[in-house]
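Trainee: One predicted model, sequence on top.
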Amino acid sequence: MMTSENHITGVVIDCALKIHRRLGPGLLESAYEHTLAYELNMAGLKFERQVPIPIVYESVKLEMGYRADMIVENRVILEIKSVEQVLPVHAKQLLTYLRLADVHVGLLINFNVELIKFGIRRIVNKLE
């Protein structure tokens, strides 16, 4: 059964909310990534962590060291932050990852906020 991007993002947001309620803001990004991996596993979603994102330039594949924090069900890229303020470059970075990986939906999640709903931003790349 193919899981939709909307379903995946809904589950991810629920997991992020649960984590933020229990841990709050102020931890390192790696702590949120580990706990999110645990919660996604408990929710039955397949994911990969620290996925290499190569650049293909004029048919040459360049391994440049770029990594997506998580890719869920091969359909949604997660970029996890724990920063004072999300900058425009963070959203641009996620959009570039979406384009390079040919994925349509990503979530930029900043756990360093008072209310997690203010820390989640959905980024879309040519959604059908």
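Mentor: Yep, it's here.
Trainee: Check the secondary structure at Asn74 for me.
Mentor: Remark: Asn74 carries the secondary structure label coil [criterion: DSSP: H, G, I helix; E, B strand; the rest coil].
Trainee: One more: the one 5 residues further on?
Mentor: On the three-state scheme (three-state DSSP), Glu79 is labelled strand.
Trainee: what number of residues lie near the nearest residue to Ile55 once chain neighbours are set aside?
Mentor: Computed as C-beta to C-beta, 6 or more residues apart in numbering, the closest residue to Ile55 that is not its neighbour in sequence is Leu62, at 4.5 Å. (Each C-beta comes from the backbone N, C-alpha and C, glycine too.) The local packing count at Leu62 equals 11, with neighbours defined by other C-beta atoms under 10 Å.
Trainee: Pro52 versus Leu62, what's the distance?
Mentor: The gap separating Leu62 from Pro52 is 11 Å, by C-beta to C-beta, to the nearest Å.
Trainee: quick one: the residue nearest in space to the middle of the chain and Lys61, what's the gap?
Mentor: With the centre of the chain defined as its mean C-alpha position, the nearest residue by C-alpha atoms, centre = their mean is Leu78, 0.6 Å away. To Lys61, Leu78 is 23 Å away according to C-beta to C-beta.
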